[in-house]
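1. here is the input, now give the coordinates:
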Amino acid sequence: MEIDDLLGNLVVLASWPEPESVSWDQNLAALAQSVLVDAATVTAQLTDVSAEEPPSNVKGRLGTNWIGNLTDFQERDVQKLLRLGHGANFSVPGAGKTRVALALFAAAREAGEVERLLVVGPKSSYAAWEEENVASFQAPLRMKIFQGVPPIGTDVLLVNYERLDGALTPLSHWLAEKPSMIILDEAHRMKLGSNGTYGAACLALGPRARKRLILTGTPAPNGVRDLENLLGFVWPGQGRQAVTRAVAGGDLRQASAALKPLFTRTTKRELGLRPETTSIKRIPLPSLHREIYDALINQASARAAGSQDDFQALGKITVYLLMAATSPALLAVGTTRHEPLAYRVPPLLVPENAPLYELMRDLPAYEFSPKYEETLRIVATNARLGRKTLVWSTFVRSLTTLQRLLAEFQPALVHGGTEDRDAEIKRFRNDPDCLVLLSNPATLGEGISLHHDCHDAIYVDRDFAAGRFLQSLDRIHRLGLPPETETHITVLASEGTIDELVSQRLETKLQFMGRILDDPAVERLGDLDEEPPFGGGLDGADIQSLLRHLHADPA
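-> Numbers count the residues shown, from 1 in each chain. Here you go, the predicted structure:
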C-alpha cells in the first residue's frame, strides 16, 4: 500500500488483535511517530480560530551568520512556518520565497533540528538559490549542484526534478545520514503525486527528511487534486485528508478559510504592485485558414470519437488544433521540425480544387497568419514608444517564424534547443536595438525576472496549463516594479477555434485557484477584458470540453 494510506490510517493499527506480533522497521516507526505529532499540529492549526500570533523576534532565531534583510511579510511568513514545523509557501513569484526558505533552514539549524538541506527545483532556479545564499549569510552555506554523487561537506544540495527519479538511492542516503530538511521549489511540478514520475520521487524522499517545505505560487493549477498531492507531501497521512475535508462542502471561500492555517501566501496586492492590464484580442480567420481549420476539425472529430480513453491521442489532437489556430502550415513537415514558415509577399491566388494537404502546406503563400500580423503590429507600436515586448508561443516553429517576421526588431530567441540562453537574455536586457524576446512558457516560464526591462507581453497561443500561464505572466510583473509602471498583457485568440475553449477552461481553473487561495487578483486574470508536453495541461474536464468542441462526445 502507499505510504500515505498507511500513515493516514495509523489509528486502525490500535485495534490490531495481536500487537506483540507487529514488528516495526526503525525508520518507519520514527516516521509514524513524527506523523502523529504533525497530526496534532495540523489539527490544532485547523481548529484554532484565534487571531494570529503577534510578531516575534524572528531574526533572533536565525543565528549570527544571518545577514539577509526580511520584509514585514517575509517575517510574517517565517514566523508562521516555524510554528507549523513543516509548511507550504504559496506566495506569488517575486515575493522572496527563496529567502524565506533559507531563513527557515537557518532557524532550524540554529535550533539543532537539522544540519543539511536538499533543494529540489528546476535548473532555472539554481541561480536564485546561489544568489540568495550569498546575500543572506555572512559566511555563505556550502552549496553544491548534484552531479551523481553528493559532495562531501555540503550544507545545501541542489537537484533538478528531471534527475530525481534516477538518484533516489544516493539522495535518500544523504538525507538519512544527518538530520535534514527538504524543500521543493516550484513544487507544482510534482502535482500529479504518485501518478507522476516527479511526484512519486518526491513522495519517496519526503519521509527521509526531518522538515519538509514546498514553494509555489500556483499550487492548484488543475484543481483540488493538485493541492491534495502537494499537502500530502508536506504532511504524509494528514495533508491530503485536510484538503478533502475542506472542499467537501463545495464552498471554495469556506475551504480557503479552513486551509489557510496550513500555508502562507503573500499576494501581489501586499507587494504593492499596480495591477497588470490583461486583455484578449479575438481574431477572425481569413477564408482559406477557416476552411482548412474546419476540415481539420472534421478529421479530428472522427479520430477523437474512437480515442476517448486514449489520453495521449487526445493530447496530440489538442496540440494539432492549437497549431492550426495560429497557422495550419505549422503542421506540415519542413526540412527540419523548427523550420520557419516562408510567407509570400504579395500573396498568390488560391488555386482551385487543390488537395487539403497542399493548401495546408502552402498556406503562407496565399494568406498571412492573422495572429502573426497582430503580433507584428503590437511589437512595432511598442518599438516606436521605446518599449520592449516579450512574445510567448508554445511551438518552436512558431517562434522561428516570428524571428524571421520580426527581424527588423533584432529579436532574441530562447527555447529548449537554444545553446546559450543567458547570452540571448542578456542581449534582450542590454541591447537597445533588441526590442523583442521570443520564448515558450515551458522554457522560460519559471526562474527568471524580466520586469526591469520589459512591460509588454503577447501570447500568440496558450494551452490548458493554468499554472504555466500564471508563472509566465510573473516574468514581467513582480516585486521591484516602480509604482507607476504599467504592464500590458495581450492574449491572441482565433475566433471559432480551440483558442476559445482554452480561454474558457483557463478561466475556470484560475477562478478555482483564486478562491482556494482567497486572492481575487488570480480570479480576475481568468476573466479577460475584450479587445507543450502532449496534452498541454489537459485534465479530465478539459478532455470533455475538447470532445464537445470536436462534436465527438456521445453524450
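2. distance of Glu20 from Val345?
-> Between Glu20 and Val345 the computed distance is 86 Å (Cβ to Cβ, to the nearest Å). The way it works is simple: take the backbone N, C-alpha and C, and place the C-beta from them, glycine included.
3. just the endpoints, please. Distance across stretch 186-196?
-> End-to-end distance for stretch 186-196, by Cα to Cα, to the nearest Å: 15 Å.
4. state the mean pLDDT of it.
-> Across stretch 186-196, the average pLDDT comes to 89.
5. could you do stretch 464-472 as well?
-> When pLDDT is averaged along stretch 464-472, the result is 89.
6. do stretch 496-503 as well
-> For stretch 496-503, the per-residue pLDDT averages 94.
7. and stretch 371-383, by the same measure?
-> Mean per-residue pLDDT for stretch 371-383: 93.
8. stretch 97-111 now?
-> Here the average pLDDT along stretch 97-111 is 96.
9. same question for stretch 420-438.
-> In this model, stretch 420-438 carries a mean pLDDT of 96.
10. need the distance between the two termini of it.
-> Using Cα to Cα, the end-to-end distance of stretch 420-438 comes out at 14 Å.
11. that one: which residues count as buried?
-> Using 16 or more other Cβ atoms under 10 Å as the test for burial, stretch 420-438 gives 421, 424-425, 427-428, 434-438.
12. got it, and stretch 171-187?
-> Those would be 171, 174-175, 179-187, for stretch 171-187 by 16+ other Cβ under 10 Å.
13. ok, these vs Leu70, which is closest?
-> Nearest to Leu70 among the buried residues of stretch 171-187: Ile183, at 17.3 Å, using Cβ to Cβ.
14. widest-spaced pair of the buried residues of stretch 171-187?
-> Comparing every pair within these by Cβ to Cβ identifies Pro179 and Glu186 as the most remote, at 25.0 Å.
15. burial count for the nearest residue to Phe137 once chain neighbours are set aside?
-> Distances taken as Cβ to Cβ, 6 or more residues apart in numbering place Asn65 nearest to Phe137, at 5.2 Å, with adjacent residues excluded. Neighbours of Asn65 under the rule other Cβ atoms under 10 Å: 14.
16. contacts only, for Asn65.
-> Residues in contact with Asn65 (Cβ atoms under 8 Å, 6 or more residues apart in numbering) are 106, 137-139.
17. let's go with 10 Å and repeat that
-> Going by Cβ atoms under 10 Å, 6 or more residues apart in numbering, Asn65 touches 106, 109-110, 136-141.
18. got it, and Pro284?
-> Counting by Cβ under 10 Å, 6+ apart, Pro284 has contacts 290, 370, 494-496.
19. and the pLDDT for it?
-> Reading off the confidence values, Pro284 has pLDDT 94.
20. Leu84 too?
-> pLDDT recorded at Leu84 is 85.
21. inside helices: which ones of the buried residues of stretch 420-438?
-> Using DSSP state H, the members of those that fall within helices are 421, 424-425, 427-428.
22. now do stretch 31-51, average pLDDT.
-> Mean predicted confidence for stretch 31-51 is 64.
23. same deal with stretch 482-489?
-> 90.
24. in this structure, what helix or strand scores lowest on average pLDDT?
-> Within the chain, no helix or strand scores below helix 540-549, which has a mean of 62 by mean pLDDT, DSSP states H and E.
25. ok, now how distant is the spatially closest residue to Glu507 that is not a sequence neighbour from Arg505?
-> Closest residue in space to Glu507, ignoring its immediate chain neighbours: Gly526 at 3.7 Å, by Cβ to Cβ, 6+ apart. Going from Gly526 to Arg505 by Cβ to Cβ gives 10 Å.
26. overlap in contacts, the two.
-> Common neighbours of Gly526 and Arg505 (Cβ under 10 Å, 6+ apart) are Ala466.
27. before we move on, the earlier item: as TSV, the contacts of Asn65 with secondary structure would be great.
-> Shown next, in TSV, are the contacts of Asn65 (DSSP: H, G, I helix; E, B strand; the rest coil):
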residue	secondary structure
Ala106	helix
Arg109	helix
Glu110	helix
Ser136	helix
Phe137	strand
Gln138	coil
Ala139	coil
Pro140	coil
Leu141	coil
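28. name the nearest of those residues relative to Leu473.
-> Proximity of the contacts of Asn65 to Leu473 (Cβ to Cβ) peaks at Ser136, which lies at 27.1 Å.
29. leaving out sequence neighbours, find the closest residue to that closest one.
-> Nearest non-adjacent residue to Ser136 (Cβ to Cβ, 6+ apart): Gly68, at 3.4 Å.
30. so which strand or helix has that neighbour?
-> Using DSSP states H and E, Gly68 is not contained in any helix or strand.
31. give me every residue that touches it.
-> By Cβ under 10 Å, 6+ apart, Gly68 lies in contact with 59, 62, 74, 96, 99-100, 102-103, 106, 132-138.
32. and stretch 80-89, what's buried?
-> 80-82, 84-89.
33. pLDDT at the residue nearest to Glu507, what is it?
-> At Gly526, pLDDT is 74.
34. any of the contacts of Asn65 buried? List them.
-> 106, 109-110, 136-137, 141.
35. domain map for the chain?
-> With domains defined by automatic domain parsing, the chain comprises 3-266, 277-549.
36. how distant is the shortest one from the center of its chain?
-> The one in question is domain 3-266. On the basis of Cα atoms, centre = their mean, to the nearest Å, domain 3-266 sits 18 Å off its chain's mean C-alpha point.
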